[in-house]
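> Next input, structure requested:
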Amino acid sequence: MVNNDDFLIIKNLDELDSGDEGTILSFNDNGDVELKRHLLGMGFVKGSKIKMEKIAPLGDPVKLKLKGYSISLRKNEAKNIKIGLV
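Sure, this is the predicted structure:
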């Protein structure tokens with residue numbers, strides 16, 4: 001079980017810098033069930049390791065590595081995911 005106390009730093013996914021790696025802790029879907037379902041379907045599940053690969057020159061979108069594949073998210077989607085950094 002992933003516990004917030006196991007991590008030194010907790011940030012939203014959109015706050016990470018290129019090269020940062022962490023573990024997905026939780027979602028803040030603000031009642032948007034479709035967004036949460038969409039993210040879960042793409043593999044954004046609690047306890048998964050994730051790495052920020054690149055940030056677009058203007059800051060949006062971001063490119064992530066998750067479960068062995070690369071995926072891009074808009075920053076407004078990424079801000080809903082809490083990440084624990086060691």
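> how about the helix or strand of the chain with the lowest mean pLDDT: buried residues?
When each helix and strand of the chain is scored by mean pLDDT, DSSP states H and E, helix 33-41 comes last, with a mean of 84. Using 16 or more other CB atoms under 10 Å as the test for burial, helix 33-41 gives 36, 39. In short, each C-beta sits where N, CA and C put it, glycine included.
> what's the following helix or strand after the one helix or strand residue 10 maps to?
Residue 10 is part of strand 9-12, with elements assigned from DSSP states H and E. Later in the chain than strand 9-12, the nearest helix or strand by DSSP H and E is strand 21-27.
> quick revisit: just checking, what packs against the least confident helix or strand of the chain?
With contacts defined as 3 or more CB pairs under 8 Å, 6 or more residues apart in numbering; DSSP states H and E, helix 33-41 has no helix or strand neighbours.
> and the strand holding residue 10, how far from the chain's centre?
10 Å (CA atoms, centre = their mean, to the nearest Å).
> Starting from that strand, tell me which strands it pairs with and how they run.
When sheet partners are counted by DSSP bridges, strand 9-12 sits next to strand 81-85 (antiparallel).
> Convert the C-alpha atoms of the partner strand to CSV, please.
Below are the C-alpha coordinates for strand 81-85, written out as CSV (Å, rounded to 0.1, in the frame of the first residue of the first chain):
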residue,chain,number,x,y,z
ILE,A,81,-2.6,13.9,-10.0
LYS,A,82,-0.6,13.9,-6.7
ILE,A,83,2.9,12.5,-7.0
GLY,A,84,5.2,11.4,-4.2
LEU,A,85,9.0,12.1,-4.7
